[in-house]
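Participant: The following comprises the amino acid sequence and a computationally predicted model.
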Amino acid sequence: MTELDHQHVKFTKRPLASLEKKVSLPRMKNKTEHTGNWYQAMVENMQNGVWVSDKNVKVVYANPKLCSLLGYSFDEIVGKSEYAFWSKSSAIKVRQAIAVDRKKGRSSSYEAQLITKLGEKIPVLALGTPLPDGGSVGIITDLRELKKKEEARLELEKRYRTTFENTGAAMVIIEADTKISLVNSEFEKMSGMKSEEIENKKRFIDFFTKEDVDRMLYYHKTRREKKGKAPRNYEAQFIDKNGNIRYIYLTVAMIPGTTKSIASLLDISKRKEAQKALKESEEKYRSMIDQSMVGICMLKDTKVVFANKKLANIFGYSLPKDLMGKDISKFLSKESFDLARDYTIRRQRGEKLPELGEYIGKKKNKKQIHIQTFSKVIELKEKTYSQVFVTDVTEKKIMEIKLAERIKEVDVLYRVYSHTKMIHPLAQVLSSIAKDIIHAFQF
């Protein structure tokens, strides 16, 4: 190939054609004029900038894209040193590439910065290829859009990383093989291990009890194979480095476009302990209520919403559920129901009424009984209820009636005594009556 001398090359409106007359470029050797026109058209219409420099690094050709990129005309570029268009730091990089790679006939690529006519620095990817005569061909790719996208990606990644680190919950990213690829500081605290001990070394299931592992593996597989079929939230028992077990509430979701999933772990051990204590407390009080010798119920308006076993027995039923949801009219005489309904509604509205009451009740077999009640209003979950304690006083009422009859007998006998003075028989009668009275008050 002949040596290029940019001073003797005459450039026209179609500079590449003029260049071909002076230089036999390798890609054009032994090609027809028609094929040469193809190459010319391709180079001049490339979306990448292209320039050709001679062995003295003087530009002898620049395609329209490069001219547009730099903001110079073709004539303003050709004949100048290639270094004139690079930033200082990039010029050093280019000199090194020419001194090392080009001299050895090697191509090289690197990122650098071009300086436009207006002084703007443009990030580019430069691919330099040596020519046999000592010159080189450079293909320049504008990286501005790519850099913007990369900056946006890095900013988004930084934002997500900040969220990942500061969400307040332990978080991990789980690979398809169940390996943990990333953890945040909260997970380090929860596990008692450093990130370098966990990432790409530990499996997610390594931190959970044997009872949970099979279920979690099933969820892990299903989440990847059957979209939407695995639960997003579930509970499991977490084991830290020291073997301590905690109750964890997990939220797991797939990362779109990947086989990775992200999991959030919330320690609910205290809540579980509180629930356990509450359950034990409920069971204790339920046991006390169920074993109570007094009937207990709760009313919303005049409907039974809770009843214990004793109350069911008082009204001739086997189980508390037999009373649930029923109106108290089913268990009281009409007169008693009218009075009880009036008192119950007024009491739930906030009126101060007597807490003690006596009513005529109806058993399942329609038999009437006497009941005594003690009623109070209570608030539960912003709702007003009447809490009623019920005692069957039928036997007591019978004894009171008998006692009243005996008292009448005493009165009659006293009158007889005052007239006949039958002392001995009267003493026996009085003794019998006294025993009945004592028995009545012991009830």
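Facilitator: Good, I have the coordinates.
Participant: For residue 304, see how far away residue 159 is.
Facilitator: Here residue 159 is placed at a distance of 57 Å from residue 304 (CB to CB, to the nearest Å). Where you see a C-beta, it was placed from the backbone N, CA and C, and this is true even at glycine.
Participant: Have a look at the two and say which one is more surrounded.
Facilitator: More neighbours surround residue 304 than the other of residue 159 and residue 304, with 21 against 10 (other CB atoms under 10 Å).
Participant: How about the more buried one: what's its closest non-neighbour residue?
Facilitator: Closest residue in space to residue 304, ignoring its immediate chain neighbours: residue 323 at 5.0 Å, by CB to CB, 6 or more residues apart in numbering.
Participant: just residue 63 next, same as before
Facilitator: residue 50 (4.3 Å).
Participant: Check whether that neighbour sits in a helix, strand or coil.
Facilitator: strand (DSSP: H, G, I helix; E, B strand; the rest coil).
Participant: Can you give me the neighbour number for it?
Facilitator: Residue 50 has 20 nearby residues by other CB under 10 Å.
Participant: Next, the contact list for it, please.
Facilitator: 43, 61-63, 65-66, 137-140 (CB atoms under 8 Å, 6 or more residues apart in numbering).
Participant: And the residue nearest to residue 304, how far from residue 388?
Facilitator: Taking CB to CB, one finds residue 323 at 12 Å from residue 388.
Participant: quick one: common contacting residues for those two?
Facilitator: residue 297.
Participant: Greatest separation within the contacts of residue 50: which pair is it?
Facilitator: Distance extremes for these: the farthest pair is 65 and 137 at 14.1 Å, using CB to CB.
Participant: Need the distance between the two termini of stretch 352-365.
Facilitator: 35 Å (CA to CA, to the nearest Å).
Participant: SS state for residue 110?
Facilitator: strand.
Participant: for it, what are its contacts?
Facilitator: Contacts of residue 110 by CB under 8 Å, 6+ apart are 93, 97, 125-126.
Participant: how much space between the residue lying closest to residue 317 once chain neighbours are set aside and residue 313?
Facilitator: Leaving aside its sequence neighbours, residue 317 sits nearest to residue 364 (CB to CB, 6+ apart; 5.7 Å). Relative to residue 313, residue 364 is positioned 10 Å away (CB to CB).
Participant: neighbours of the closest residue to residue 220 other than its chain neighbours, just the number please.
Facilitator: Sequence neighbours aside, residue 178 is the residue nearest to residue 220 in space, at 6.1 Å (criterion: CB to CB, 6+ apart). The number of residues packed near residue 178 is 16, by other CB under 10 Å.
Participant: Is residue 178 in contact with residue 203, as I believe?
Facilitator: Yes. The pair residue 178 / residue 203 is scored as a contact, 4.4 Å apart, by CB atoms under 8 Å.
Participant: residue contacts, residue 183?
Facilitator: Taking CB under 8 Å, 6+ apart, one finds 170-173, 191, 195, 198-199 in contact with residue 183.
Participant: Show the low-confidence segments of the protein, by residue range.
Facilitator: Along the chain, the parts satisfying pLDDT under 70 run over 1-36, 411, 413-443.
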